[in-house]
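> Need a 3D model of the following:
(one chain, ligands or ions: 2)
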Amino acid sequence: MTVPTWTPDSWRRLPPPAQQPAWPDKAELDAALKKLATRPPLIYAGEARSLTSDLAMAAAGEAFVIQAGDCAETFAEFSPNRVRDVLKVILQMAVVLTWSSGVPTIKVGRIAGQFAKPRSQETEVLADGTTVEAYRGDMVNGFAATAQARRPDPANMLRAYEQSAETLNLLRAFAKGGFADLAAVHKWNREFVASSREGERYEAIASGIDSALRFMNACRIDARSLHEVDLYSSHEALILPYEEALTRQDSTAKDAWYDCSAHMLWVGARTRQPTSAHVEFLSGIGNPLGCKIDATATIDDVLRICERLNPERRAGRLTLISRMGKDRVRESLPPLVAAVAEAGHPVVWMCDPMHGNTVRSDGNLKTRRFEDIFAEVEGYFEVHKEAGTWPGGLHLELTGENVTECLGGSDNIADADLDTCYLTACDPRLNARQALDLAFRAGELLARW
Ligand code: TRP
Ligand code: MN
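Ligands and ions are numbered 1, 2, ... in the order given. The predicted structure is shown next:
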């Protein structure tokens, strides 16, 4: 079902969207949304358009994308150093991927707005027998297993907005203020290689970058672009009233609407049905969009999504984020890649190797094995090699901290180590060193593309 004319609230005329909390007090909700609607946009429409044109390069095989950050941001874990450290890893990975692929790496944080989580169970029964709302992310309710914490509180949307503004402000300062300097980032990579068990293996890439920097220096190339980066924000557009309240008419192109909560928005595997309220909402905003594609997606599903979200077939408008799991990617992805190419949809393909590879540890913690994650990346690259299409980019859950949430990597985190530093509010994230391992190993594949 679709409605004839799109408006920021046209999704409200469809059957109710999935994955929304049962807000207990309508008046309280309306008051929060009204406030949110008066807050300044977090991004400017022109920035969203720049990201679309950057992504158009990735659609054409002339750029690679890294989209990465926490599974879910939280209020409690927020600190300037954490923001800095996530950015640091993204930049370090980007240098390796840029060198290896020989094309620019577009940097998109899964940050400054990633506060809502889809859940497989709507409710949870507490130890005392009371049934409460599941934790849906800090934008909605609290993580603690108490009836009070789990009550959806619309004020959380304002708090999420404020934390997003603070985060984005800091990221913008880091991106342009000198922190992202190429030589400095490479120095961090040098320190990583020196301390890594795989150091010898990564040496070829690192010393390649050394000589490139030395050569540029000798040629007295000192462009501004060596000292700063463009950095974009993104999150899953899940809680539609929040997204609607931040959707604004572009001041320079009157008929265009942008969701000013982030540069890029994506729709998740649980809400991506072509007739869903989520897809209706996304179809009308001018931002570049992503759609998660899991192994249950049929050719028909994917083509209908492309048609719904990018009927004009504008390159850079739509990114398909494949999350198949390591065992299914080689058989589930090729027919979809072929059908999309055949239909002439200029999408960016990206690989999310995290969500299809979640397992339970011996101690019953949610975890993922580095080897499985990398196996999906490898399978994904193979599929695109075979199809003659470009493997576009990587979508990752990671943190700059030294957590122990995923198993393996060159530091070889074992099942028994998981308890040491398991902090995630949701899914297990690669730690900084595992993320760099992944970048170097994906870099090896891209260098031979
Ligand atoms: N501005 C260029 C880019 O973003 C080069 C660059 C500067 C860079 N600092 C960087 C690349 C840090 C990756 C990481 O690609
Ligand atoms: Mn997740």
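
> Excluding chain neighbours, give the residue nearest to the residue in the stretch 301-449 of the chain positioned nearest to ligand 2 in space.
The minimum distance from the stretch 301-449 of the chain to ligand 2, using CB to the ion, falls at D427 (3.6 Å). Yep, even glycine has a C-beta here, placed from its N, CA and C like the rest. Computed as CB to CB, 6 or more residues apart in numbering, the closest residue to D427 that is not its neighbour in sequence is C71, at 3.9 Å.

> likewise V132?
V132 sits nearest to R150 (CB to CB, 6+ apart), 4.0 Å away.

> now the strands for the chain?
Counting by DSSP state E, the chain has strands at residues 64-69, 105-110, 123-125, 131-133, 231-236, 247-249, 257-259, 264-267, 289-294, 318-323, 348-351, 359-360, 366-367, 393-397.

> who's in contact with the residue nearest to D427?
Q114, K117, E397, T424, A425, C426, D427, P428, R429 (CB atoms under 8 Å, 6 or more residues apart in numbering).

> Between all of the residues you listed, which two are separated the most?
Farthest-apart pair in the contacts of C71 is Q114 and P428; separation 15.5 Å (CB to CB).

> OK, contacts around the nearest residue in space to E166 that is not next to it in sequence?
Nearest residue to E166 in three dimensions, chain neighbours excluded: F78, at 7.9 Å (CB to CB, 6+ apart). By CB under 8 Å, 6+ apart, the contact set of F78 is Q163, E166, T167.

> What residues does the chain have near ligand 2?
Residues of the chain lying near ligand 2 by CB under 5 Å from the ion: C71, D427.

> Could you pull out the helices in the chain for me?
For the chain, the helices defined by DSSP state H cover 26-38, 45-59, 80-101, 147-150, 155-176, 182-195, 199-218, 240-245, 277-283, 299-309, 329-342, 370-387, 432-447.

> re the thing from before, what about the strands of the chain, which gets the closest to L55?
Closest to L55 of the strands of the chain, according to CB to CB: strand 348-351, at 5.3 Å.

> Just name whatever secondary elements that closest one is in contact with.
Contact analysis of strand 348-351 by 3 or more CB pairs under 8 Å, 6 or more residues apart in numbering; DSSP states H and E lists helix 45-59, strand 64-69, strand 318-323, helix 370-387, strand 393-397 as its packing neighbours.

> can you rerun that using 6 Å?
With contacts taken as 3 or more CB pairs under 6 Å, 6 or more residues apart in numbering; DSSP states H and E, strand 348-351 sits against helix 45-59, strand 318-323, strand 393-397.

> Make JSON lines from these and add mean neighbour count, mean pLDDT and distance to K292 to it.
JSON lines is the format used below for the helices and strands packed on strand 348-351 (neighbours: other CB atoms under 10 Å; pLDDT from 0 to 100; distance: least, CB to CB, whole Å):
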{"stretch": "helix 45-59", "mean neighbour count": "20", "mean pLDDT": "98", "distance to K292": "16"}
{"stretch": "strand 318-323", "mean neighbour count": "26", "mean pLDDT": "98", "distance to K292": "5"}
{"stretch": "strand 393-397", "mean neighbour count": "26", "mean pLDDT": "98", "distance to K292": "9"}
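
> ok and the residue in the stretch 301-449 of the chain nearest ligand 1?
Closest to ligand 1 within the stretch 301-449 of the chain is A439: 11.0 Å, counting by CB to the nearest ligand atom.

> That residue: neighbouring residues, count only.
Residues lying near A439 (other CB atoms under 10 Å) number 29.

> ok, it - contacts?
Neighbour list for A439: M93, V96, L97 [criterion: CB atoms under 6 Å, 6 or more residues apart in numbering].

> how far away is A206 from ligand 2?
Per CB to the ion, to the nearest Å, A206 is found 31 Å from ligand 2.

> what's the burial count for the closest residue to that residue other than its chain neighbours?
Distances taken as CB to CB, 6+ apart place V193 nearest to A206, at 4.8 Å, with adjacent residues excluded. By other CB under 10 Å, the residues close to V193 number 20.

> likewise the one 3 residues further on?
Using other CB under 10 Å, the number of residues around S196 comes to 19.
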